[in-house]
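>>> Give me the fold of what follows.
(one chain, ligands or ions: 1)
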Amino acid sequence: MDSGKVALVTGAAAGIGRAICLRLARDGVAIGALDLNGEGAERTAAEVRAAGGRAIGLAADVSDRSRVQAAVDRLRRELGPVLIVVNNAGMTGFVPFMELTEDTWDRMLAVNLRSAFTVTQVVMPDMLAAKWGRIIMISSSSAQSGAANMAHYSASKGGMIALTRTLAQEFGEHGITANTIPPRFVHNTEMSLASFERPEMQAKFQAMIDAGPIRRHGEPEDIAGAAAWLASDEAGYVTGQVIGVNGGRYI
Ligand SMILES: NC(=O)c1ccc[n+]([C@@H]2O[C@H](COP(=O)([O-])OP(=O)(O)OC[C@H]3O[C@@H](n4cnc5c(N)ncnc54)[C@H](O)[C@@H]3O)[C@@H](O)[C@H]2O)c1
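Residues are numbered from 1 along each chain as shown. Model (predicted):
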């Protein structure tokens, strides 16, 4: 069943973004799968098409406004106006606070936070014209708890939470909702394999997983299910919320 809606999902080549593309497509949403890794984005789009959905892959760096604008223009031309945006693209990094440079800080903020502003601003005219829209930000539990050696990362994700709340205030009267999901330890993603799933981290992270009532890693599909609900008509009275999909770690 085609919902007639189009979603732009950033960071769609792998992990959580890929899972969100596949899950939204099951609800009949047409997908613009955008990633810095253009081949990976096209691979995700091909998976959606193989399952009977509509999708195109888009190659762009979310920190580059002109590339984002060009990708969104193509998505509009080929699939239609963008009424759902999932700001999921992100990078991580581990640097002790006293060793952080301004360049490292600026790159992290440009990729993780400024991109959420840029991408949302570029698609917003479609949502305003339709008087219906869904903005979903994939932030991080590090913004809720803090995270040692991740000042730049956790600050970027905290900014996403504040941006979500502000967009909810500013655009609610136009039928547009904005919500954020801050994941915690979602495994089998490129980011998790490069960070907490490194062999030397296993014991430490098992202890952190055991600190929550549901004692397992999150799956990309856990996040995708919540994102699909937030993108649906049923969630139209939900806005400005931080939706914890974290095994109950923060209650
Ligand atoms: N996996 C976790 O446990 C976890 C925890 C908290 C938050 N998150 C957040 O979830 C989101 C998805 O992470 P994931 O675990 O699926 O990681 P992932 O590395 O598998 O996926 C991230 C994707 O973003 C893309 N990307 C990175 N920089 C980009 C750029 N400048 N422009 C366009 N695309 C870019 C990458 O190519 C990659 O495909 C990220 O924002 C991450 O911070 C993940």
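
>>> quick one: the strands in the stretch 101-250 of the chain?
Assigned by DSSP state E, counting those that start in this stretch, the stretch 101-250 of the chain shows strands spanning 133-138, 176-181.

>>> I'd like to know how far residue 251 sits from residue 84.
Using C-beta to C-beta, to the nearest Å, residue 251 is found at 29 Å from residue 84. Where C-beta positions appear, they are placed from N, C-alpha and C, glycine not excepted.

>>> swap in residue 75?
Distance of residue 75 to residue 84, given as C-beta to C-beta: 12 Å.

>>> any common contacting residues for the two?
Taking C-beta atoms under 8 Å, 6 or more residues apart in numbering as the contact rule, residue 75 and residue 84 both touch 6, 8.

>>> ok, the two, which is more surrounded?
Neighbours per residue (other C-beta atoms under 10 Å) separate residue 75 from residue 84, with residue 84 holding more: 29 against 24.

>>> Quick check: chain neighbours aside, which residue is closest to that one?
residue 7 (3.7 Å; C-beta to C-beta, 6 or more residues apart in numbering).

>>> I'd say that neighbour and residue 30 touch.
Yes: using C-beta atoms under 8 Å, residue 7 is in contact with residue 30, at 7.3 Å.

>>> Can you tell me how far the residue nearest the centre of the chain is from residue 18?
Nearest residue to the geometric centre of the chain (C-alpha atoms, centre = their mean): residue 88, 1.9 Å. Separation of residue 88 from residue 18 (C-beta to C-beta) stands at 10 Å.

>>> related to what we said a few turns ago, and what about the residue nearest to residue 84, helix, strand or coil?
Judged by DSSP: H, G, I helix; E, B strand; the rest coil, the three-state class of residue 7 is strand.

>>> and it, what pLDDT?
We have a pLDDT of 99 for residue 7.

>>> what sits against it?
21, 24, 29, 30, 31, 32, 82, 83, 84, 85, 86, 231.

>>> now do residue 54
Residue 54 sits next to 2, 25, 30, 31, 48, 79 when contact means C-beta under 8 Å, 6+ apart.

>>> Please name the nearest non-neighbouring residue to the third one.
What it means is residue 30. Nearest one to residue 30, counting by C-beta to C-beta, 6+ apart, is residue 54 at 4.0 Å.

>>> per-residue confidence for that neighbour?
At residue 54, pLDDT is 98.

>>> Can you report phi and psi for it?
Main-chain dihedrals, residue 54, degrees, to the nearest 10: phi -110, psi 130.

>>> Can you give me the distance of it to the ligand?
21 Å (C-beta to the nearest ligand atom, to the nearest Å).

>>> same question, residue 25
To the ligand, residue 25 is 17 Å away according to C-beta to the nearest ligand atom.

>>> which residue sits closest to that residue in space, ignoring its chain neighbours?
Spatial nearest neighbour of residue 25, excluding adjacent residues (C-beta to C-beta, 6+ apart): residue 53 at 3.5 Å.

>>> The ligand versus that neighbour, what's the distance?
From residue 53 to the ligand the distance is 19 Å (C-beta to the nearest ligand atom).

>>> count of neighbours near that residue?
Applying other C-beta under 10 Å, we find 20 residues neighbouring residue 53.

>>> I'd guessed it sits against residue 32; true?
No: here residue 53 does not reach residue 32: they are 11.9 Å apart, not a contact under C-beta under 8 Å.

>>> so what pLDDT did residue 171 get?
According to the prediction, residue 171 has pLDDT 98.

>>> same deal with residue 208?
pLDDT, residue 208: 81.

>>> Roughly how far does it sit from residue 142?
Using C-beta to C-beta, residue 208 is found at 12 Å from residue 142.

>>> quick one, which of the two is more surrounded?
More crowded of residue 208 and residue 142, by other C-beta under 10 Å: residue 142, with 21 against 14.

>>> Show me which residues of the stretch 51-200 of the chain sit near the ligand.
Residues of the stretch 51-200 of the chain lying close to the ligand (C-beta under 6 Å from any ligand atom) are 61-63, 88-92, 111, 138, 140, 183-186, 189-192.
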